[in-house]
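[1] Pasted the sequence and its predicted model underneath.
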Amino acid sequence: DTEVTQTPKHLVMGMTNKKSLKCEQHMGHRAMYWYKQKAKKPPELMFVYSYEKLSINESVPSRFSPECPNSSLLNLHLHALQPEDSALYLCASSQRTGPYNEQFFGPGTRLTVL
Amino acid sequence: QKEVEQNSGPLSVPEGAIASLNCTYSDRVSQSFFWYRQYSGKSPELIMSIYSNGDKEDGRFTAQLNKASQYVSLLIRDSQPSDSATYLCAVNRAVTGGGNKLTFGTGTQLKVEL
């Protein structure tokens, strides 16, 4: 199994809602990532988890709250989002966080904030 | 100066030709380099990774790395219409406080014409 899965595929939420994005991998990878990608822009790193511990937070606003319940799962909790947060949210995983580790992306969740 | 620079294109090549995609990076201590393909509306898909100076071949794809010139390229031989996509160059480097970060270029749009 070489797949990263993400749910839901699409999400529409209001600015007062609370929702969560879910990511799962069964490749035994111990590093997991959240990226945000706006239209016609490259992915931008948000968070990195290494062995279920948060190792990098790229100064992401607190309305985005990551969680890594176990080595296979990664969540991104959303609350009080703004319309400018609408984007494709990508999860990725790699064996470890070192430089010679390839990252594999899930299909993404397309988020629209009304 | 951007950390990772690519010509945005579009780069148009006829079917069967060689497509040459280029990327430069600013951080001399970058250790690993990756090429991703991204179809419109989809997530990035890893095509090649390269860590040492020289060429690395995988099927119709050849990645080339020149660390002295801080230059990475991707050659696609016998280009097919299905190769039409945006190609993202990504560079992995260490970050302050520990860990590594993948930084993407803005991508080059490739169009393979019949």
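    Sure thing, it's come through. Predicted, not measured: the structure shown is a model, and the values here were computed from it.
[2] going forward, measure contacts between C-alpha atoms and count neighbours the same way
    Fine.
[3] Show me the beta-bridge partners of the residue positioned nearest the centre of chain A.
    Residue closest to the average C-alpha location in chain A (C-alpha atoms, centre = their mean): A:Trp34, at 2.9 Å. Beta bridges link A:Trp34 to A:Phe47, A:Cys91, judged by DSSP bridges.
[4] Now for the nearest residue to A:Leu73 once chain neighbours are set aside: which residues touch it?
    Of all residues not flanking A:Leu73 in the chain, A:Glu24 sits nearest, at 4.7 Å (C-alpha to C-alpha, 6 or more residues apart in numbering or on different chains). Shown in contact with A:Glu24 (C-alpha atoms under 8 Å, 6 or more residues apart in numbering or on different chains): A:Val4, A:Thr5, A:Gln6, A:Ser72, A:Leu73, A:Leu74.
[5] quick one: which two of these are the most distant?
    A:Gln6 and A:Ser72 (11.9 Å; C-alpha to C-alpha).
[6] Those two: who's more crowded?
    Neighbour totals were compared for A:Gln6 and A:Ser72, and A:Gln6 leads with 23 against 19 (other C-alpha atoms under 10 Å in any protein chain shown).
[7] is it true that the more buried one touches A:Phe105?
    No: in this structure A:Gln6 lies outside contact range of A:Phe105 using C-alpha atoms under 8 Å: 9.6 Å.
[8] State the pLDDT value of the nearest residue to A:Leu21 once chain neighbours are set aside.
    Nearest non-adjacent residue to A:Leu21, counting by C-alpha to C-alpha, 6+ apart: A:Leu76, 5.0 Å away. Per-residue pLDDT puts A:Leu76 at 98.
[9] Name the SS class of A:Leu76, please.
    The three-state label given to A:Leu76 by DSSP: H, G, I helix; E, B strand; the rest coil is strand.
[10] now for the lowest-mean-pLDDT helix or strand in chain A, which elements pack on it?
    In chain A, the helix or strand scored least confidently by mean pLDDT, DSSP states H and E is strand A:53-57, which has a mean of 93. Judged by 3 or more C-alpha pairs under 8 Å, 6 or more residues apart in numbering or on different chains; DSSP states H and E, the packing partners of strand A:53-57 are strand A:44-50.
[11] Next, count neighbours for the closest residue to A:Pro8 other than its chain neighbours.
    Among residues not flanking A:Pro8 along the chain, A:Thr109 sits closest, at 6.0 Å (C-alpha to C-alpha, 6+ apart). A:Thr109 has 23 neighbouring residues, counting by other C-alpha under 10 Å.
[12] Chain A contacts on chain B?
    B:31-32, B:42-46, B:49, B:51, B:88, B:92-94, B:99-107 (C-alpha under 8 Å from any C-alpha of the partner chain).
[13] switch to 7 Å and redo it
    B:31-32, B:42-46, B:92-93, B:99-100, B:104-107 (C-alpha under 7 Å from any C-alpha of the partner chain).
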